[in-house]
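Colleague: Show me the folded form of this:
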Amino acid sequence: MATTTSTPAGHDAVGGGRPRLVASDLDGTLLGPGGVASPRTLAMIAACRAAGVHVVFVTGRPVVWLDPVAEQTGHTGAAICANGALVYDAGRREVLSATTVAPADVLEAAARLRRRLDGITVALETLEGFRKEPDYVARYDWGRDRDRGDLATLLDPDPGVVKMLVRRETGTVEELLAVAREELEGLVHPTHSGPESPMVEISALGVSKAAALAAHAASLGVAQEDVVAFGDMPNDVEMLRWAGRGFAMTGGHPEAVAAADAAAPPSAEDGVAQVVEALLAR
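Modeller: Presented below is the predicted three-dimensional model:
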């Protein structure tokens, strides 16, 4: 894992004034150890709200894992979930829009990967809940959403797949992602959000955090140059490149670091809050 260096508040490397929209990834970025928002982070979110600056959570998490964070932070605005496939109103707990992967594309993606690699298992995050092949080892307990079966059965009728999860218990996630990018180019969009699990996340072609954020910012009348974004993983790369100012967290994935304009201090040191505090003071 690469480590970057930054100024104490991580903000001197880029110019610009106060942002109109702050977009932040959650895990490893806005949230500290244990997935908890610190008092300083909570104060920063409140300061943005008081200043009329939009805050948008932009995460790979499914909606079901967004609600606890919204409750913890008091966030009632927009959240972009599932790497951009879902736009969610955290206050009303309502999905505003969804972009799904066609069942035929799910089946084709699985077939292509299995032709290259053994041990591939698949799960699906859908509009109807979590579904998985029998051999898929889930990282977390999904509660009641435990539909199991072969992939064709899980897709009939179409449950609205917002994200396809592909695991391989041997090898690294970087190796798996490299194969997925090669084999699935032009079909779907693969990425990953954490090195601790050998899992690649696959969305419909054209879906990304950046695409969803761009559309949401436009709906608010916020220009690209007035958006500040924070992230730490490959699934944040497009967003960091698109935003007027993109900050990668110190210690973040090399792809995120390369895509960003500057570094923010690590999440354990309230890096997002440090940078935003400085920007709000301008």
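Colleague: measure V36 to A263 for me?
Modeller: Going from V36 to A263 by C-beta to C-beta, to the nearest Å gives 23 Å. Quick note: C-beta positions are derived from backbone N, CA and C, even for glycine.
Colleague: So for those two, which residue has more residues nearby?
Modeller: A263 (24 against 10; other C-beta atoms under 10 Å).
Colleague: tell me which element the more buried one falls in.
Modeller: A263 is part of strand 262-264 when elements are defined by DSSP states H and E.
Colleague: What residue, apart from its backbone neighbours, is nearest D25 spatially?
Modeller: In space, and not counting its chain neighbours, D25 is closest to G231: 4.2 Å by C-beta to C-beta, 6 or more residues apart in numbering.
Colleague: Counting neighbours, what do you get for that neighbour?
Modeller: The number of residues packed around G231, counting by other C-beta under 10 Å, is 34.
Colleague: Just grab the bridge partners of it for me.
Modeller: Beta-bridge partners of G231, counted by DSSP bridges, are A248.
Colleague: surely it meets T29?
Modeller: Yes - applying C-beta atoms under 8 Å as the test, G231 and T29 come out as touching, 5.7 Å apart.
Colleague: Which parts of the protein are strands?
Modeller: Along the chain, the segments classed as strands by DSSP state E run 21-24, 54-58, 78-81, 86-89, 94-98, 121-126, 129-132, 147-148, 161-167, 188-191, 199-204, 227-231, 245-249, 262-264.
Colleague: just how off-centre is the shortest one within its chain?
Modeller: The chain centroid and the centroid of strand 147-148 are separated by 25 Å under C-alpha atoms, centre = their mean, to the nearest Å.
Colleague: now do the first one
Modeller: Relative to its chain's centre, strand 21-24 lies at 13 Å (C-alpha atoms, centre = their mean).
Colleague: Which parts of the stretch 1-150 of the chain are helices?
Modeller: For the stretch 1-150 of the chain, the helices defined by DSSP state H, counting those that start in this stretch occupy 39-51, 67-73, 103-116.
Colleague: which outside residues touch the second one?
Modeller: Where contact means C-beta atoms under 8 Å, 6 or more residues apart in numbering, the residues beyond helix 67-73 that reach it are 26, 31, 35-37, 41-42, 45, 57, 61, 75-76, 79, 90-91, 93.
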